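>>> give me coordinates for this.
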Amino acid sequence: MAIALIILLLIIGTVIFHVVSPWYFTPLASNWSTIDSTVSLTFWITGFVFVAVNLFLVYVLVRYRSRPGLKADYEPENKKLEGWLTLVTTIGIAAMLAPGLYVWGQFVKPPDDSMVVEAVGQQWHWSYRFPGEDGVLGKVDTRAISETNPFGLDPTDPASRDDVLIFSNELVLPVDRPVKLLLRSKDVLHNFTVPQFRVKMDMVPGISSYLWFTPTRTGEFDVMCQELCGIGHYAMRGRVVVKEQSDFDAWLARQVTFAQTQHHTEGNVALGQAQYMVCAACHGIQGEGNEGLHAPRLAGQDLWYLQRQLKNYQQGIRGTAEGDVFGGQMIAMANLVSDEQNMQHLLAYIGSLPEPARVAAEGDLRRGQQLYRNCVHCHGEQAEGSFHMNAPRLAGLEPWYLSRQIEYFRDRVRGGHRDDFYGAQMSLLVQSLRSEEDIADLVAYINSLQPEQLARRD
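Model prediction:
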């Protein structure tokens, strides 16, 4: 009787929890209401079976409980009962599968007038590509991927020249227009998911998959990877911003094409030296940095990373957070090279500066090595950094500067801006550092690393 009572309470509790539970689907923002209907139907069928089977179990436990004078009757088979169970089970499974197959038939057939967009997954960020005025996406080849061609577009294909490239985790789309999203992975298995759109699909290296949807309301919606793709999987986040058609057209017109990204003008070291005179007051004549002025060393750092940080200061992504006093000072300095050509001159000069001598750091190297295991996937075995992982070089940076940046990420002084996707990932990852001792040991280990190649990526 006690078991029967427990099962009965389980049935009642489950039903009540389902009815009053605050956890359910996010509000629908696409055309796929049929997916919600299919899931709801599955809930009703499985819920009915769950209640019916367990109520029958309660009835059996009570009706046929052990009592003096009663003896169980063994019946090896009952063809009539088995037939009914087979029939009812078949009807139930068919009732669940048929609507799903019907919706799947629609899911794999995007409308002919769909706007085609490509989403590219990579540990641990997203990027996107739109066809240009010719309406055709250019060919891609993984062998063509480089720092100047991260999408791997075929430069000999005329259709690729006007492709619009989005180097951001943010995808902008027009409302009430069907979108066919081509999916491609550059490294491992990913899964593109927008819960509010009810769409998800695996991204398999070497294979181009797709999904389609029609955004039905404006707003911002989460993009997530729902396939375990490595240590930073949980931080692989982005967003889809749905706007009115006119706003979308204006946004798209501001983006760069593949042809524009290939017109890279080399910086002039002599002109860059003149630009650097303003920086030298804090960062030193040789870019060696100055702890007293809270200015990190610049010589030896990846130039692509320095360029990104300058643009982050110019756009207010860095230096505007509460508590970032020194970053706030950099905004005015970064705006002095807002012209792209001047910035290239400055970077060329910084790239010509010699590698500064290292500053010793104290800490437990063995513990630091263990803590660095979370960093190695992006920043490299020797903290040499990786352009393809959007991870800067850490080896050679001053211990005081590394410690401060880790604390900034931990306290959301960095990584809190809505457009700082890479900073947001770092803010999540550094939460594994529980104490100041952890930070000191990690920094000491990074400081001990000596990359074989200290070549700067420009």
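
>>> give me the beta-bridge partners of Val179?
In this structure, Val179 has beta-bridge partners Met115, Phe213, where bridges are defined by DSSP bridges.

>>> how about Val172?
Counting by DSSP bridges, the residues bridging with Val172 are Val241.

>>> all further residue positions should be reported with the first residue as 47.
In the new count, where the first residue is 47, that last one comes out as Val218.

>>> neighbours of it, how many?
When neighbours are counted by other C-beta atoms under 10 Å, Val218 registers 20. For the C-beta atoms, the positions are set from N, CA and C on the backbone; glycine is no exception.

>>> quick one: it and His171, what's the gap?
Val218 sits 16 Å away from His171, going by C-beta to C-beta, to the nearest Å.

>>> ok, Leu147 next?
35 Å.

>>> kindly report the same for Trp446.
As judged by C-beta to C-beta, Trp446 and His171 stand 29 Å apart.

>>> more neighbours: which of those two?
Neighbours of Trp446 and His171, each counted by other C-beta under 10 Å, are more numerous for His171; the result is 21 against 15.

>>> test my guess that that one contacts Asn436.
Yes - here His171 reaches Asn436: they are 6.3 Å apart, a contact under C-beta atoms under 8 Å.

>>> please pull out the lowest mean pLDDT helix or strand from this protein.
In the chain, no helix or strand scores lower on mean pLDDT, DSSP states H and E than helix 304-308, which sits at a mean of 85.

>>> residues contacting the following helix or strand past that helix, please?
Sequence-wise, the next helix or strand beyond helix 304-308 is helix 315-329, with elements assigned using DSSP states H and E. Contacts made with helix 315-329 from outside it, assessed by C-beta atoms under 8 Å, 6 or more residues apart in numbering, are listed as 333, 335-336, 339-344, 379, 382-383, 388, 390-396, 398.

>>> next, the buried residues of helix 315-329.
When burial is assessed from 16 or more other C-beta atoms under 10 Å, helix 315-329 yields the following buried residues: Val315, Leu317, Gly318, Gln319, Gln321, Tyr322, Cys325, Cys328, His329.

>>> grab the nearest non-local neighbour of Gly442.
Ranked by C-beta to C-beta, 6 or more residues apart in numbering and with sequence neighbours excluded, the top spatial neighbour of Gly442 is Gly346, at 4.9 Å.

>>> over to Ile191?
Ile191's closest residue in space is Gly198 (C-beta to C-beta, 6+ apart), at 3.9 Å.

>>> residues near the one you found, how many?
Other residues near Gly198 come to 16 when the count uses other C-beta under 10 Å.

>>> just checking, it touches Lys185?
No - if you go by C-beta under 8 Å, Gly198 and Lys185 don't touch, sitting 9.4 Å apart.

>>> give me the distance between the two termini of stretch 250-262.
Terminal residues of stretch 250-262 are spaced 28 Å apart (C-alpha to C-alpha, to the nearest Å).

>>> what's next to it, contact-wise?
By C-beta under 8 Å, 6+ apart, the list of residues contacting stretch 250-262 reads 74-78, 153, 156-157, 160, 219-235, 238, 240, 243-249, 286, 288.

>>> just the buried ones from these?
Neighbour counting by 16+ other C-beta under 10 Å classes 74-78, 153, 156, 160, 219-221, 224-234, 238, 240, 243-245, 247, 249, 286, 288 among those as buried.

>>> excluding residues flanking it in the chain, which one is nearest Val61?
Leaving out its chain neighbours, the residue that sits closest to Val61 by C-beta to C-beta, 6+ apart is Val97, at 7.0 Å.

>>> what of Val104?
Leaving out its chain neighbours, Val104 is closest to Ala50 (C-beta to C-beta, 6+ apart), at 4.8 Å.

>>> just the ones of the buried ones among the contacts of stretch 250-262 in helices?
Phe153 (DSSP state H).

>>> what segments of this structure are strands?
In the chain, the segments counted as strands under DSSP state E are 161-168, 171-176, 210-212, 216-220, 225-231, 236-240, 245-249, 255-259, 265-271, 283-289, 302-303.

>>> for the stretch 347-496 of the chain, just list every one of the helices.
Secondary structure of the stretch 347-496 of the chain by DSSP state H, counting those that start in this stretch: the helices cover 349-360, 371-380, 386-398, 411-418, 422-425, 445-456, 467-475, 482-494.

>>> quick one: the first one to helix 467-475, angle?
So the one you mean is helix 349-360. Angle of helix 349-360 versus helix 467-475, following axes from the mean of the first three to the mean of the last three C-alpha atoms, to 10 degrees, is 100 degrees.

>>> again, but for the fourth one
Computed by the same axes, to 10 degrees, the angle separating helix 411-418 from helix 467-475 equals 120 degrees.

>>> how about the third one?
Orientation of helix 386-398 against helix 467-475 (the same axes, to 10 degrees) gives an angle of 50 degrees.

>>> low-confidence stretches in the stretch 197-346 of the chain?
Residues of the stretch 197-346 of the chain meeting the criterion pLDDT under 70: 310.

>>> if you set the cut-off to 80 instead, what comes out?
For the stretch 197-346 of the chain, the stretches with pLDDT under 80 are 278, 309-312.

>>> how far off centre is stretch 398-408?
Counting by C-alpha atoms, centre = their mean, to the nearest Å, stretch 398-408 is centred 33 Å from the centre of its parent chain.

>>> residues that sit against both of His171 and Asn436, list them.
Contact with both His171 and Asn436 is made by residues Tyr468, according to C-beta under 8 Å, 6+ apart.

>>> tally of neighbours for the closest residue to His279 other than its chain neighbours?
Computed as C-beta to C-beta, 6+ apart, the closest residue to His279 that is not its neighbour in sequence is Cys271, at 6.1 Å. Other residues lying near Cys271 total 26 when counted by other C-beta under 10 Å.

>>> again with the one 4 residues further on
Residues near Cys275, counting by other C-beta under 10 Å, number 21.

>>> over to Lys126?
Lys126 is flanked by 8 other residues according to other C-beta under 10 Å.

>>> and the gap between it and Leu382?
Noted for Lys126: a distance of 89 Å to Leu382, by C-beta to C-beta.

>>> so where's the stretch 47-196 of the chain uncertain?
47, 112, 115-116, 118, 192-194.

>>> the helices in it, which residues?
Counting by DSSP H, counting those that start in this stretch, one finds helices in the stretch 47-196 of the chain at the ranges 48-66, 79-109, 125-153.

>>> could you dump the ones you listed to JSON lines with distance to Leu475?
Putting the helices of the stretch 47-196 of the chain into JSON lines (distance: least, C-beta to C-beta, whole Å) gives the following:
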{"stretch": "helix 48-66", "distance to Leu475": "34"}
{"stretch": "helix 79-109", "distance to Leu475": "33"}
{"stretch": "helix 125-153", "distance to Leu475": "35"}
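
>>> what's the closest of those to Met472?
With distances scored as C-beta to C-beta, the stretch of the helices of the stretch 47-196 of the chain nearest to Met472 is helix 79-109 (34.7 Å).

>>> relative to helix 125-153, how tilted is the closest one?
Relative orientation of helix 79-109 and helix 125-153, computed by the same axes, to 10 degrees: 160 degrees.
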